[in-house]
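Q: Sequence plus the predicted model coming up.
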Amino acid sequence: MSAPRPQEESLVRLTVNGSERRGVAEPRLLLSDFLREELRLTGVHVGCEQGECGACTVLLDGEPIRSCLMFAVQAQGADVRTVEGIPAEDGGLDRLQRAFQEHHGLQCGFCTPGLLLTARALLAENLQPSRAEIAEHLAGNVCRCTGYTGILDAVEAVCDGSDEEGAE
Ligand code: FES
Ligand code: FES
């Protein structure tokens, strides 16, 4: 009996955080593993690997997706944003990141990249969501540490502008 043939690898080209990137992927390599291992974007966290925790969330063409539920080859030509791609223009934390920090929206930080990207997608569509709408939008992202109150407070503070009160 002949040995099984190695799976054929593909060159995957995509835009990641505004830059053209490319890497090699065998057909069943998950997008989450491709981003972490091939492109070294380790802000993409991998928890459940079955679409339930939201830790691996990235923006694909502006939409939050579970990168553990998609093959890298399916992202051919796409525009991907990871947490590494959301600093402020000066390279520091952006408003949402600062609000998470100020409202204790993170502890261990494992869930944080996915939550930041999911919240960012909401704010891109709706700058005035209610607290209930924020909670509903973030409901698919599991946090084991914070009890969620600080996370909701942080997103709400950016929406109502209270995060900038007192800022210069
Ligand atoms: S690791 Fe992808 S949803 Fe949990
Ligand atoms: S801060 Fe630890 S899982 Fe959310």
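A: Noted; the coordinates are in hand. Numbering: from 1, shown residues only. Ligands and ions are numbered 1, 2, ... in the order given.

Q: Have a look at the chain and report its longest helix.
A: Longest helix of the chain, by residue count under DSSP state H: helix 112-125.

Q: Report the buried residues of it.
A: Using 16 or more other CB atoms under 10 Å as the test for burial, helix 112-125 gives 112-123. Bear in mind the C-beta positions are built from the backbone N, C-alpha and C, glycine included.

Q: My read is that residue 70 contacts residue 30, right?
A: Yes: counting by CB atoms under 8 Å, residue 70 does reach residue 30; the two are 7.0 Å apart.

Q: can you map out the strands along the protein?
A: 10-16, 19-25, 57-60, 63-66, 79-81 (DSSP state E).

Q: Of those strands, which is nearest ligand 1?
A: strand 63-66 (4.4 Å; CB to the nearest ligand atom).

Q: Now do that closest one: everything it contacts.
A: If you take CB atoms under 8 Å, 6 or more residues apart in numbering as the criterion, strand 63-66 is touched by 51, 54, 56-59, 117-118, 121.

Q: Same list, those residues, but as TSV with pLDDT please.
A: Output for the contacts of strand 63-66, formatted as TSV (pLDDT from 0 to 100):
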residue	pLDDT
51	97
54	98
56	98
57	98
58	98
59	98
117	98
118	98
121	96
